[in-house]
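>>> Got a predicted structure plus its sequence, pasted below:
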Amino acid sequence: MQIHISTNDGVPIYLQVVNQIKYLVAAGRLAAGAELPPIRTLAETLIVNPNTIARAYRELEMAGIVEKRRTAGTYVTDQGSPLAKRERTKILIERIDPLLADARHMDVSIDDVIKLVHQRFTLLKPSRLKESNDG
Amino acid sequence: MRSVPQALAWEFIVRGRWTVPGYFVLAISMPVLIYAMLRSLAKVDVNDPSMVMVHFTMAQYSYIIWAIGIASVRGPLSRLYTAPVSTASLVAWHLWTECAMVWLGCVAITWLMNTCFDVGWPIWGPALFAVACTATIRAIWWLTDKTLWSVVGIAAASIVLTGWLQSRCGGWFTLPRHYWTNVTPLETATLFSLIGISYCVAVFSVARNRCGERLGSFGIGPRLVQWFEAAYSIFDSKPRSFRSVHEAQHWYEWQQKGASLPAMMCLIFSMVCIVGLLHLWFAPESIGDFEAWLHGILVLGGLLSIFGAVAGFFMGCLNLDTLTLTADASTSKSSQLLSGGFVMGHFPATRPITTFDFAMAILRTAGKSLLIAWSMWGSVLVAFLLLAASQHELSYPIIPADVGYWFLPLTLLGPWITMTTVAGLALTGRPKLVFAICIGLPILCSIVASLNARIPESELKQQVTSILIAFVSVSIIAVILWAFWTAGRRALIPAKWMIISGIGALLLAFLAVVLRPTELLWVAYPMIVAFAALAVAPIATAPLAISWNRIR
Amino acid sequence: MADSFPSAAPPIVEIQRLTRQFGIKMALDELSLVVPRSGVFGLIGGNGAGKTTLIRHILGMLKAQSGSVKVFGLNPVEQPVGVLGRIGYLSEERDLPNWMRVQELMSYTQAFYPQWDDGYAEELRDAFDLDPKARIKNLSRGQRARAGLLIALAHRPELLVLDEPSSGLDPVVRRDILGAIIRTIADEGRTVLFSSHLLDEVERVADRVAIIHHGRILLTASMEEIKESHRKMTLRFSQAMTQPPGLVGALSCNGAGAEWTYVCNGEAEQLRRAAEALGASVVDDSALTLDEIFISRVKP
């Protein structure tokens, strides 16, 4: 599980963890039923306070992305739920907004942007979508 | 500051504004005390061979202390290696100012002694000699920078230089017989050329040191270090575990400081052996008879008290390696040189150990160290007596009557008291206080001694002296009682130990009174009690001092 | 995380109106501080702010000139063994006895702590790659810090005190130290108090933070409260100004012309309303890093 914490932009750390796990789930890199690392392990690898990780897991649980099972592990829930779809949309919107802002700034029309998106989609189709993890 | 010499001079004045006068007092206080004492005993004839001897040792002692003081205030030259200055001028500034300072100090010391005590010390020869010695030792120091050669080089230079000075006052291997008053042109030329050669050697060596080149040791140095490590690891290879906090702390103290006093004894004995062998080789007639040697050994027993005081500084130093580290550090002010070792650092202060356990570990180390050193001295004495008996050279009584058998227990008790008193002072971790006492006490003694020498003998004077001594004794007893009372009130020492030390002091005083050799003056009794109290005082003063150091 | 600080548990450290003067310099000025049980407490402040002086009071190395210091409910000056025996401490200077070997340092330290865990000590020594036969004086700076950390951790102290643990160390050693902090509080009920001026570290691992400046506590709150209550707002005024107009709750302000950036303390909505009352529009509103909050607090 690839999570990168940054303390340079003021985003609370628990929120960074929540957003990145949401992204990983939405991108399909964390499949339904996959186990998340225990709080302590993740805290030690990320060098982050365990309470922060615990809070992130709680938020994810409330959002329905993960669930706690009786064996004390935390697992990714089934992604068919509408809640998850909404999350996916939200993540995409978060990424589209800066793209549109840039396009407006560079005087590129929205049709050209859509055309470009299509072009890229056909280009990347055969290979797996490479993630750009720029946070 | 416009120029580098100006900056260096300013630095020297600021760093040494307290320590330089301090070293001056330290350098001059010993001869002042000795002459004041001699003058109060009898009329001093400066041409007596023994007075020449006193001059010879005392002048050397003062000059050495003064030169060491100057060198320590200057700090190492290495701190200027990165300055944009040529090596030749770097050495010139450092060496010539140091030489000038030494010369001024030596002339001042001699002049003061001559005006105050009329001792007739020669001025110009010895002062020039001191400058030459400074330059030579400096050159060797830089030449052998940070190698084991420095020990060898400085020892050899010291022996040769001392021999040369001795030859000016008599002969290379005879005791000095006359003063070195007439400095011949040849002697002046010799000393000046020595200074010149030293400067050249110094420039050459500093140039090497500046780029990190060391004197080669043909692999002896590293091998010696390896050998020492191996020899040392025989003692500590097995992983030990300590049964109690006290045992662990005692190990900690003993490992660092235990060897101090026995090492000093070893050093003295080996020096005596080397000098004795040299004499035996070159001038067998000057070796002295059995009686002289016996006296020498007995004097050494008395000197144990002084060694004890020196060892007390080590015992009271809480972190010996900080002491050496800060002595290396060039940036620290000289007033901080000592504080690094005596102010309790984080590591010892945060061990969960009671102040009393801490103090007892130090006192136990001091006691053990003293016992070893004392037994070394004792076995030399016994071995010598056996040798003398086998040669039928032994005269009775063995201990001279004017000293008495009292002397033997005193050689143990005396060092214990000096060592624990000095250690107690050092343990307070207040370098300024210790410094003030180290300087103030000699000054006070000198004043008292010179006053004593000037007032003519009379009934009244004797009575005043007795009352003064009694007063000092009673004050000592009062201070010690106060220390016990305070330590008890602050729960620094257990009640058991209060009782033990009380009984111990009383027993000691009782024994001394019962076994007194002759009828004593009344003033001797408070002195005996004060002495006995001093012997048990560290049980209270050491925890108090440590507590004062630990909790600020 | 209010639930991680149950108010019922007595605090580990309780300092009330503590004052300390060195000569004429006021090192601590009527400082009060409570460190609750469990969690990581970060003490942040510039050089000479009084962090080390405060820690020395907690360790009983300095006597309170006025005010009181209680650690585990005890006075550390009067009961050094009772307090120090439950604390693991890594000093900024890492003044370990240079002449000791690592093995000797371990067995020496063991004698002082009945709860010393031999297995854990060995495990740490292994993880830190410390040679038992090596002398402390021959260790590198990082290894020396690790040795200090080892003897601070191996008796599993209730309170771990770290004074500037990362200063002058490479990232690998810093990671070891921060990892140790995290492992320590992962065990229930244990507390870490650490001072630092590397604020990204504090932001990562601290639950609660106190900002100390000129011997006073400027702010003490949980990390989240601090992050939530501080905003950076950029306001655009209708015309260029030479002096920024005052904004309620603003800690610091800089900018030029018509755009000024404020670091504020308060509710976001309230701040927006205050900005609108000044006739300005909010062009940017973002969260702050701990670094920015600290600087705006100590250097307004």
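Arrived safely, thanks for sending. Numbering: from 1, shown residues only, chains lettered A, B, ... in the order given.

>>> before we move on, what SS does whatever residue of chain A ends up closest to chain C have?
Nearest to chain C, among the residues of chain A, is residue A:10, at 3.5 Å (Cβ to the nearest Cβ). C-beta here means a position set from N, CA and C on the backbone, and glycine is covered the same way. At residue A:10 the chain is in coil, as set by DSSP: H, G, I helix; E, B strand; the rest coil.

>>> What is the neighbour count of it?
19 (other Cβ atoms under 10 Å in any protein chain shown).

>>> so who does it touch?
Residues in contact with residue A:10 (Cβ atoms under 8 Å, 6 or more residues apart in numbering or on different chains) are C:227, C:232, C:286-289, C:292.

>>> What parts of the stretch 51-200 of chain C come near chain A?
By Cβ under 8 Å from any Cβ of the partner chain, the residues of the stretch 51-200 of chain C that approach chain A are C:175, C:178-179, C:182-183, C:185-186, C:199-200.

>>> Export the residues you listed to TSV and append columns for pLDDT, secondary structure and neighbour count.
Shown next, in TSV, are these (pLDDT from 0 to 100; DSSP: H, G, I helix; E, B strand; the rest coil; neighbours: other Cβ atoms under 10 Å in any protein chain shown):
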residue	pLDDT	secondary structure	neighbour count
C:175	89	helix	14
C:178	90	helix	22
C:179	88	helix	16
C:182	89	helix	23
C:183	86	helix	16
C:185	83	helix	22
C:186	80	helix	17
C:199	88	helix	20
C:200	87	helix	15
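
>>> ok, now which ones touch the residue in the stretch 1-150 of chain C positioned nearest to chain B?
Going by Cβ to the nearest Cβ, chain B is nearest to residue C:111 of the stretch 1-150 of chain C, at 3.3 Å. Residues in contact with residue C:111 (Cβ under 8 Å, 6+ apart) are B:241-245, B:247-249.

>>> Dihedrals phi and psi, it?
Backbone torsions for residue C:111, taken as degrees, to the nearest 10, come to phi -60, psi -20.

>>> quick one: it and chain A, what's the gap?
According to Cβ to the nearest Cβ, to the nearest Å, residue C:111 and chain A sit 31 Å apart.

>>> nearest residue to that residue other than its sequence neighbours?
residue B:248 (3.3 Å; Cβ to Cβ, 6 or more residues apart in numbering or on different chains).

>>> would you say the one you found is within a helix?
Yes: secondary structure of residue B:248 (three-state DSSP): part of a helix.

>>> Okay, the spatially most central residue of chain B and residue B:316: tell me how far apart.
By Cα atoms, centre = their mean, chain B has its centre lying nearest to residue B:310, at 5.1 Å. Distance from residue B:310 to residue B:316, counting by Cβ to Cβ, to the nearest Å: 11 Å.

>>> just to revisit the earlier point, for the residue of chain A closest to chain C, which non-adjacent residue is closest in space?
The shortest distance from residue A:10 to any non-neighbouring residue, by Cβ to Cβ, 6+ apart, is to residue C:287 (3.5 Å).

>>> where along the stretch 151-300 of chain B do the helices fall?
Here the stretch 151-300 of chain B has its helices, by DSSP state H, counting those that start in this stretch, at B:185-210, B:220-236, B:245-257, B:260-282, B:290-315.

>>> looking at those helices, which is buried most?
Per residue and on average, the most neighbours among the helices of the stretch 151-300 of chain B fall to helix B:245-257, with a mean of 20 (mean count of other Cβ atoms under 10 Å in any protein chain shown).

>>> Return that one as PDB; C-alpha atoms alone will do.
Extracted C-alpha coordinates of helix B:245-257, given in PDB (Å, rounded to 0.1, in the frame of the first residue of the first chain):
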ATOM      1  CA  VAL B 245      22.800   0.300  42.200                       C
ATOM      2  CA  HIS B 246      25.700   1.000  44.600                       C
ATOM      3  CA  GLU B 247      27.800  -1.700  43.000                       C
ATOM      4  CA  ALA B 248      27.200  -0.400  39.500                       C
ATOM      5  CA  GLN B 249      28.000   3.100  40.600                       C
ATOM      6  CA  HIS B 250      31.100   2.000  42.400                       C
ATOM      7  CA  TRP B 251      32.300   0.200  39.300                       C
ATOM      8  CA  TYR B 252      31.600   3.400  37.300                       C
ATOM      9  CA  GLU B 253      33.700   5.500  39.600                       C
ATOM     10  CA  TRP B 254      36.500   3.000  40.100                       C
ATOM     11  CA  GLN B 255      36.900   2.400  36.300                       C
ATOM     12  CA  GLN B 256      37.500   6.100  35.800                       C
ATOM     13  CA  LYS B 257      39.300   7.300  38.900                       C
END
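
>>> Nearest to chain A: which residue in the stretch 351-500 of chain B?
residue B:352 (28.4 Å).

>>> Find me the pLDDT at that residue, would you?
Residue B:352 is assigned 91 on the pLDDT scale.

>>> Report how many residues lie close to residue 42.
With no chain named, the answer covers chain A. Neighbour count of residue A:42, defined by other Cβ under 10 Å: 22.

>>> oops, I was thinking of chain C
Counted with other Cβ under 10 Å, residues neighbouring residue C:42 total 25.

>>> and if you look at the one 10 residues further on?
Residues contacting residue C:52 under the criterion other Cβ under 10 Å number 21.

>>> what comes up buried for stretch C:94-103?
C:94-98, C:100-103 (16 or more other Cβ atoms under 10 Å in any protein chain shown).

>>> which one among the residues you listed gets closest to chain A?
Nearest member of these to chain A, counting by Cβ to the nearest Cβ, is residue C:94, at 21.0 Å.

>>> State the pLDDT value of the nearest residue to that closest one once chain neighbours are set aside.
Closest residue in space to residue C:94, ignoring its immediate chain neighbours: residue C:148 at 4.7 Å, by Cβ to Cβ, 6+ apart. For residue C:148, the pLDDT comes out at 93.

>>> my guess is residue C:148 contacts residue C:96, does it?
Yes: if you go by Cβ atoms under 8 Å, residue C:148 and residue C:96 touch, sitting 5.9 Å apart.
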